[in-house]
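Visitor: need coordinates for the following:
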Amino acid sequence: MVGVAGGTASGKSTIVARACAAMGALRVAHDRYYRDGDSGTNFDHPDALDTDLLVRHVDALRAGEPVALPDYDFATHRRVDAREDAHPTPVIVVEGILVLVDAQLRARFDLAVYVDAPADIRLIRRIRRDVRERGRTHDDVLRQYLESVRPMHEAWVAPSAAHAQLVLDGTADAEAQVERLRAAVARLPAR
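Guide: Got it, this is the predicted structure:
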């Protein structure tokens, strides 16, 4: 069980997706566990996520049981009725900005990883992603960044890096970072 955290648009999703594909691992995104909200919700605060449900799902997967992962629509700020059946694999990677913040969740990880990237790079990536994929305006992305993303990064996300046993560089060659992650997972004792 591997937890991968890092700031918004740090490169963690890219690294995790490639590593999971290479290892045949299950990827569980913390983003799936957002609670219903609206445009005023602080999505970068731990209370915005149903981490208790994620912990129950992680426990079930570790016990060899399948789970129904929730799905979240970022455009409507709501969970949708659709679920995705997830079956346990030998390696399971839980990824999200706040996965190293919650002590209960963190205690379930055999390896805690933090993907680091400078704030300016993360902001540029965030603007590009949110405008292209989520239909938001530049001004809206910048407003949210200044009002909640940046302050919550400083309050919660960045301090959670202290819990990481491995820090990856989100601006370095992605394949090299994937290999570092795979090598760290390979060194974990079998359960």
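
Visitor: dump the lengthiest strand in the chain to CSV, keeping only the CA atoms.
Guide: Longest strand in the chain, counting residues (DSSP state E): strand 78-86. Provided in CSV are the C-alpha atoms of strand 78-86 (Å, rounded to 0.1, in the frame of the first residue of the first chain):
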residue,chain,number,x,y,z
ARG,A,78,-21.1,16.4,-6.9
ARG,A,79,-20.6,12.7,-6.6
VAL,A,80,-22.3,10.9,-9.4
ASP,A,81,-24.2,7.7,-9.1
ALA,A,82,-21.7,5.7,-11.1
ARG,A,83,-19.2,3.6,-9.2
GLU,A,84,-16.1,1.8,-10.4
ASP,A,85,-15.5,-1.7,-9.2
ALA,A,86,-11.9,-2.0,-8.0
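
Visitor: which residues sit against that strand?
Guide: 26, 28, 34-37, 57, 61, 66-73 (CB atoms under 8 Å, 6 or more residues apart in numbering). Glycine gets a C-beta too; all of them are placed from N, C-alpha and C.

Visitor: gap between residue 181 and residue 14?
Guide: 11 Å (CB to CB, to the nearest Å).

Visitor: cool, residue 63 as well?
Guide: For residue 63 relative to residue 14 (CB to CB), the value is 30 Å.

Visitor: hmm, back to that, ok, which pair from the contacts of strand 78-86 is furthest apart?
Guide: Greatest spatial distance among the contacts of strand 78-86 (CB to CB): 37 and 66, at 27.8 Å.

Visitor: tell me where the protein has strands.
Guide: Under DSSP E, the chain gives strands at 2-6, 26-29, 67-73, 78-86, 92-95, 111-116, 166-169.

Visitor: next, the angle strand 111-116 makes with the first one.
Guide: With axes from the mean of the first three to the mean of the last three CA atoms, to 10 degrees applied, the angle from strand 2-6 to strand 111-116 works out at 20 degrees.

Visitor: buried residues of strand 2-6, list them for me.
Guide: Using 16 or more other CB atoms under 10 Å as the test for burial, strand 2-6 gives 2, 3, 4, 5, 6.

Visitor: look at the third one and report its pLDDT.
Guide: At residue 4, the model reports a pLDDT of 98.
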